[in-house]
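Q: starting from these lines, generate the structure:
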Amino acid sequence: MVTIFLTFLLVLTALAASATLAKRLSVAPAIVFLIVGIILAFLPGFPRIEMKPEGILLLVLPPLIYSSGVSMSWREFKANLRPIGLLAIGCVIFTTVLVAAAAHYALGLPWSVGFVLGAIVSPPDVVAPLAIAKRLKLPHRILVILEGEGLANDATALILYRFAVLAVSTGTFSLPPAAGTFVAIIIGEILFGIAVGWLSLRLRQWAHDPRVEISLSLLTPYLAFWVPEHFHGSGVIATVVTGLYVSWNGPLLISSKTRLQGIFFWDFTIWLIEGVLFLMIGFQLRLLMEKSKALPVSEILTAIAIVSAIVVIARFLWVFPGTYLPRLLSKRVAARDAKPPWRYIVVIGFTGIRGVVSLAVALALPLTLPNGQDFPYRDLILLVTFGVIIFTLIGIGLTLPLLVKLLGLSEHGHLEAVREREAEIAARREILESARESLDRIIKERNLPEGLARFLEARHETRMRALPEPPREEGQFTPATQGAALVREIITIERTCLHRLLREGKITDETRRRIERDLDLEEAVVDNREKNDPL
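A: Just a heads-up that it's a prediction; the model follows:
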């Protein structure tokens, strides 16, 4: 027990050091986590840490997917449902078929084994691509499509994977029943996800206690995932739908206390899970190499190179027809959704990074078939999957910033951020004007005392004066950027005075905590406004 705890502390230390290094180097943390994990795995004396696939699929994947679903806008998801569906379903199936064909004709694998390998490596990761893309300030629609794809593609891949493993185990496969099962799983999980989302919000509303509500929010993804998984579904679709339902219906049902505490809880939890997962991927390289010493190195490298090339090429072969053909075939689609710039399509095609789910599914392959024979080519599948993850994460992750710069998409993202900031300021102004009208009516109708009326009016005027004017010119500083440093300086002075009063015994620790919380909330408001200012 002590050894396990010490190993956990060692992993946390590596995680903190890797995250700090990534920030210093301005590199996506997932890349640094993976490289550090590989280095540590080969250090003499470093404990052998083996990733349990059932732990990834059943314990770690549900909160990752649910959190992404909650942070995703249902309105934007629905508006981009066609491109998301084409990538999450169409591109995954297309890539699986191409990998299976390449594995059969180029590597000599049976078709059924090729489909197993294709289903494993076909879905891009839900975490790494979006984390890298967000750092590059890409246009918002690209981020929405990548996030939506990452949410849904694992479901397609896991269903294909189960069909392929069944075909290897039994030696038979029938397309019509498989297609019917696929559709039934999707419909059933959508309905179940809505039911879990509704139940979760009602229970949290009844609890009316932030600690209980956050506990229920943590249980929600496991209920949404485990039940369909038990009945041989994927669990992914239900979890995604639950997250989207909570995202759309939760704002008016979740209290402010719960929201403030929940944001910190989920932000730290997801950061911890993602970091540990990519470190764990790196730790597996040594174990995989030890398990597959019987395979020739040239055979392994050739297989990795071929499959890596196929997954990259297949995505490009899919995204361009998937973008232009619907608009050519349907005038309604062309009228409703203008053709995106070709630069957008190139970036979406290039951002196909594989990650932890692919490795977890590969590790979950059965060791033997029902007849007692070894699962064919299991070690080769594991090594190829790991090679594809390393190639796409490091190769694409490091070259994507250069591609975005060459295409000039960072400028697109900047202009979009400026427009979004203008819309935010306009929305804040409209909200305050609406509140002012209601305030005047409340003061008249309820005959409020003059002191109370002046207090409410002063509060409103203070918020109105603090509202910045929309930025108009490049390089123009807004009050948010000009005043943030000064506000922080004043808050620091107030904190110093607060702790002096505490040391002198003039206030209690409880009083200090209450005042400190107000200062923390004010500083968080400043950070939020400065962070969202694009200039």
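
Q: and the host helix or strand of Arg24, which residues are buried?
A: Using DSSP states H and E, Arg24 sits in helix 2-25. In terms of neighbour count (16 or more other Cβ atoms under 10 Å), helix 2-25 has its buried residues at 11, 14-15, 18-19, 22. No exception for glycine: its C-beta is placed from N, CA and C like everyone else's.

Q: stretch 361-370 now?
A: Neighbour counts over stretch 361-370 (16+ other Cβ under 10 Å) mark 361-365 as buried.

Q: repeat that for stretch 366-384.
A: 375, 377-384.

Q: CA atoms of it as PDB?
A: These are the backbone C-alpha positions of stretch 366-384, laid out as PDB (Å, rounded to 0.1, in the frame of the first residue of the first chain):
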ATOM      1  CA  PRO A 366      -8.300 -10.400 -25.300                       C
ATOM      2  CA  LEU A 367      -5.300 -12.500 -24.800                       C
ATOM      3  CA  THR A 368      -6.900 -15.600 -26.300                       C
ATOM      4  CA  LEU A 369      -9.800 -16.500 -28.600                       C
ATOM      5  CA  PRO A 370     -12.700 -18.700 -27.400                       C
ATOM      6  CA  ASN A 371     -11.000 -21.800 -28.800                       C
ATOM      7  CA  GLY A 372      -7.900 -21.100 -26.600                       C
ATOM      8  CA  GLN A 373      -5.600 -19.900 -29.300                       C
ATOM      9  CA  ASP A 374      -3.700 -16.600 -28.900                       C
ATOM     10  CA  PHE A 375      -5.400 -13.500 -30.300                       C
ATOM     11  CA  PRO A 376      -3.700 -13.100 -33.700                       C
ATOM     12  CA  TYR A 377      -1.100 -10.300 -34.000                       C
ATOM     13  CA  ARG A 378      -2.000  -8.800 -30.600                       C
ATOM     14  CA  ASP A 379       1.600  -7.600 -29.900                       C
ATOM     15  CA  LEU A 380       1.900  -6.100 -33.300                       C
ATOM     16  CA  ILE A 381      -1.400  -4.200 -32.900                       C
ATOM     17  CA  LEU A 382      -0.200  -2.800 -29.500                       C
ATOM     18  CA  LEU A 383       3.100  -1.600 -30.900                       C
ATOM     19  CA  VAL A 384       1.600  -0.100 -34.100                       C
END
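
Q: I'd assumed Asp518 was in contact with Arg495.
A: No: judged on Cβ atoms under 8 Å, Arg495 makes no contact with Asp518 at a distance of 11.0 Å.

Q: okay, those two: which has more neighbours?
A: Legend: neighbour count by other Cβ atoms under 10 Å for Arg495 and Asp518, higher for Arg495 (16 against 10).

Q: contacting residues for that one?
A: Taking Cβ atoms under 8 Å, 6 or more residues apart in numbering, we find Arg495 in contact with 516, 519.

Q: let's see the pLDDT reported for it.
A: On the pLDDT scale, Arg495 is placed at 83.

Q: again, but for Met1
A: pLDDT at Met1 comes out at 66.

Q: can you give me the helices for the stretch 351-500 of the chain?
A: 356-363, 378-390, 397-407, 409-446, 450-465, 479-503 (DSSP state H, counting those that start in this stretch).

Q: most tightly packed of these?
A: Comparing the helices of the stretch 351-500 of the chain by mean neighbour count (mean count of other Cβ atoms under 10 Å), helix 356-363 comes out on top with a mean of 25.

Q: after the strand or helix carrying Leu191, which helix or strand is next?
A: Per DSSP H and E, Leu191 falls inside helix 175-207. For helix 175-207, the following helix or strand on the C-terminal side (DSSP H and E) is helix 210-230.

Q: what lies in contact with the helix or strand following that next one?
A: Later in the chain than helix 210-230, the nearest helix or strand by DSSP H and E is helix 236-249. The contact list for helix 236-249, computed with Cβ under 8 Å, 6+ apart, reads 61-62, 65-75, 77, 151-152, 154-155, 158, 185-186, 189-190, 192-194, 196-198, 200-201, 220-221, 224-225, 227-228.

Q: mind listing what's buried in the helix or strand following helix 236-249?
A: Going down the chain from helix 236-249, the next helix or strand is helix 256-291, by DSSP H and E. Judged by neighbour count using 16+ other Cβ under 10 Å, the buried positions of helix 256-291 are 258, 262, 265-266, 270, 273-289.

Q: is it correct that Ala14 is in contact with Ala41?
A: No: using Cβ under 8 Å, Ala14 is not in contact with Ala41, being 10.8 Å away.

Q: where does pLDDT dip in the chain?
A: 1, 173-175, 468-484, 529-535 (pLDDT under 70).

Q: just the C-alpha atoms of the helix or strand that the helix holding Arg24 is followed by, please, in CSV.
A: Heading C-terminal from helix 2-25, the first helix or strand you meet, by DSSP H and E, is helix 29-41. The C-alpha atoms that make up helix 29-41 are tabulated as CSV, following Å, rounded to 0.1, in the frame of the first residue of the first chain:
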residue,chain,number,x,y,z
PRO,A,29,1.6,20.0,-22.2
ALA,A,30,0.4,16.6,-23.7
ILE,A,31,3.6,16.4,-25.8
VAL,A,32,5.9,17.1,-22.8
PHE,A,33,3.9,14.6,-20.7
LEU,A,34,4.4,11.9,-23.3
ILE,A,35,8.1,12.5,-23.7
VAL,A,36,8.8,12.7,-20.0
GLY,A,37,6.8,9.5,-19.5
ILE,A,38,9.0,7.7,-22.1
ILE,A,39,12.2,9.0,-20.5
LEU,A,40,11.1,8.0,-17.0
ALA,A,41,10.1,4.6,-18.1
